[in-house]
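> need a structure here:
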Amino acid sequence: MRTLISTAFISLDGVVEGPGGEPGYRNSGWTFKDIEFLPEAFEIKGREQQEAAAMMMGRVSYEAFSAVWPDMADFADYKVMPKYVVSTTLSEGDPVSNWGETTILRSLDDVAALKETDGGPIILHGSATLNQALSDAGLIDRYHLLVFPLLLGAGKRLFSATDKDTQKLKLVEHEAYANGLQKNVFDVIR
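Next up is the predicted model:
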């Protein structure tokens, strides 16, 4: 069974929207505004590329990332790995041709079936709506969270407000950095 890892930049109040400057969100770019850049705080991002065997995204994140990541040296390891896009609206002809093999999954059942296959970990980037659905369905196995010392108020959240049974997590790695960022890696307890 494959491990599905959700990775996110997240504010202290749970917002994940617009971390890199995406248009349409009033606090867009919050990960690099007024926060000192410390390379050691982002070490986990490079490690994720080395450890992942595949990448998963929702349609909106796929369209944003596929426009820039294929040509970025910082994301070279992602270029060659298989991508899975969970979407009911993306057509088979829509994926870009310069970013490796891309498979469209149409449902959470498709994600569950993918997890049952052989292969290494699948890293889930961006995709707030997809993260919420996968978490609520019990399909996420691990969270890699870089928590920023910010309260953003409104914005898309990593976790839904769905009334559900408690989901227990085990902290397996953590570190605090001089710029206020915190790395928290949690395994989901089943």
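
> Which residue ranges of the chain form helices?
Assigned helices in the chain, in chain order: 43-51, 59-66, 76-80, 108-115, 128-136 (criterion: DSSP state H).

> Now distance to F186 too, for the ones you listed, in CSV please.
Where C-beta positions appear, they are placed from N, C-alpha and C, glycine not excepted. Compiled in CSV, these are given as follows (distance: least, CB to CB, whole Å):
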stretch, distance to F186
helix 43-51, 13
helix 59-66, 21
helix 76-80, 23
helix 108-115, 18
helix 128-136, 11
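
> what would these look like in a markdown table with mean pLDDT?
Compiled in a markdown table, these are given as follows (pLDDT from 0 to 100):
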| stretch | mean pLDDT |
| --- | --- |
| helix 43-51 | 94 |
| helix 59-66 | 91 |
| helix 76-80 | 89 |
| helix 108-115 | 98 |
| helix 128-136 | 96 |
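
> the strands in this protein, which residues?
Applying DSSP state E to the chain gives strands spanning 4-11, 54-58, 83-86, 102-105, 122-125, 142-148, 169-176, 182-188.

> out of the helices of the chain, nearest to V15?
For those, proximity to V15 was assessed by CB to CB; helix 128-136 is nearest, at 9.0 Å.

> The closest one packs against which elements?
Helices and strands touching helix 128-136, as assessed by 3 or more CB pairs under 8 Å, 6 or more residues apart in numbering; DSSP states H and E, comprise strand 4-11, strand 54-58, helix 108-115, strand 122-125.

> can you pull the contacts of I35?
Residues in contact with I35 (CB atoms under 8 Å, 6 or more residues apart in numbering) are F148, P149, L150, N179, G180, L181.

> just A41 next, same as before
Residues in contact with A41, defined by CB under 8 Å, 6+ apart, are L146, Y177, N179, L181, K183.

> I'd like to know how many residues surround the closest residue to the first one other than its chain neighbours.
In space, L146 comes closest to F9 once its chain neighbours are excluded; the distance is 5.2 Å by CB to CB, 6 or more residues apart in numbering. Residue neighbour count, defined by other CB atoms under 10 Å, stands at 21 for F9.

> From V111, how far off is F9?
From F9 across to V111, the span is 22 Å (CB to CB, to the nearest Å).

> cool, N98 as well?
N98 is 25 Å from V111, where distance means CB to CB.

> Tell me which of those two has more neighbours.
It is V111, of N98 and V111, that has more neighbours when counted by other CB under 10 Å, with 22 against 8.

> So G119 versus L4, what's the distance?
11 Å.

> neighbour count winner among those two?
Summary of the neighbour comparison: G119 and L4, criterion other CB under 10 Å, with L4 having more neighbours (21 against 13).

> How about the contacts made by the more buried one?
By CB under 8 Å, 6+ apart, the residues touching L4 are M56, V111, K115, P121, I122, L124, L134, L139, I140, D141, R142.
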